[in-house]
Every structure is written in structure tokens, then in C-alpha cells.
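Asker: need a 3D model of the sequence below.
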Amino acid sequence: MNQLEFFEIPSPCIGVCQSGERGYCKGCYRSREERLHWLSVDDNTKRIIIQACNRRKKSALRRAQQVPKNEQDIEQGKLF
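Answerer: You can find the predicted model right below:
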């Protein structure tokens, strides 16, 4: 059973409008096309876009937390 939706789905924009290395906005993680067509797509498509943005954000956060091995050695100091 699906819940009825009574409210408009707001834009995920947080005002950080810069493209990252993969072409997605660094603030909301939407692609250029997703940002461009946001006002013209239906609510179901907006939900799909928001789900994709959440996956992209989680992936970006995981990548940011990974420290390359050579940087890890520098932080911990070398024993030999």
C-alpha cells in the first residue's frame, strides 16, 4: 500500500552550485540535465532523481574517507 503524496517535492538544491569531478553538483549531487529539467519532470521522476542523488552522495562520502596507502604511511610515520 502506497502513502498518498499531498505536497510538492522540493528541489534538493542547497545553494552549492559547483560541478564535481564526475560532473554532478557538489551540493545536491544532481547531474546537469537533472538540474535543468527539475521543474518539468513529474513527481515520480523527482523521487527517482532524489534516490540517485542519495546514492551518489553516499558513494562520494565513502571515496572521501578512503585514504591512499602512501598518505596513510606519511600520517603514521614510517618505522624503517
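Asker: which ones are touching residue 30?
Answerer: Applying Cβ atoms under 8 Å, 6 or more residues apart in numbering, one finds that residue 30 lies in contact with 12-13, 24, 38, 49, 53. Every residue, glycine included, has its C-beta placed from N, CA and C.
Asker: closest to residue 66 out of those residues?
Answerer: For these, the closest approach to residue 66 (Cβ to Cβ) belongs to residue 24, at 18.2 Å.
Asker: shouldn't that closest one be in contact with residue 56?
Answerer: Yes: under the criterion of Cβ atoms under 8 Å, residue 24 makes contact with residue 56 at 5.7 Å.
Asker: what is the least confident helix or strand in the protein?
Answerer: The helix or strand of the chain with the poorest confidence is helix 69-76; it has a mean of 57 (mean pLDDT, DSSP states H and E).
Asker: show me the shaky parts of the chain.
Answerer: Along the chain, the model assigns pLDDT under 70 to residues 1-5, 67-80.
Asker: that one: helices as residue ranges?
Answerer: Ranges of helices in the chain, per DSSP state H, are 32-36, 43-65, 69-76.
Asker: can you redo the ones you listed as JSON lines with mean neighbour count and distance to residue 17?
Answerer: Formatted as JSON lines, the entries for the helices of the chain read as follows, by neighbours: other Cβ atoms under 10 Å; distance: least, Cβ to Cβ, whole Å:
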{"stretch": "helix 32-36", "mean neighbour count": "14", "distance to residue 17": "8"}
{"stretch": "helix 43-65", "mean neighbour count": "13", "distance to residue 17": "14"}
{"stretch": "helix 69-76", "mean neighbour count": "9", "distance to residue 17": "30"}
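Asker: residues in contact with residue 60?
Answerer: Residues in contact with residue 60, defined by Cβ under 8 Å, 6+ apart, are 20, 29.
Asker: for residue 18, give me its contacts.
Answerer: Neighbour list for residue 18: 25-27 [criterion: Cβ under 8 Å, 6+ apart].
Asker: pull up the gap between residue 45 and residue 34, please.
Answerer: Distance from residue 45 to residue 34, counting by Cβ to Cβ, to the nearest Å: 9 Å.
Asker: actually, residue 42.
Answerer: To residue 34, residue 42 is 13 Å away according to Cβ to Cβ.
Asker: good, wrapping up.
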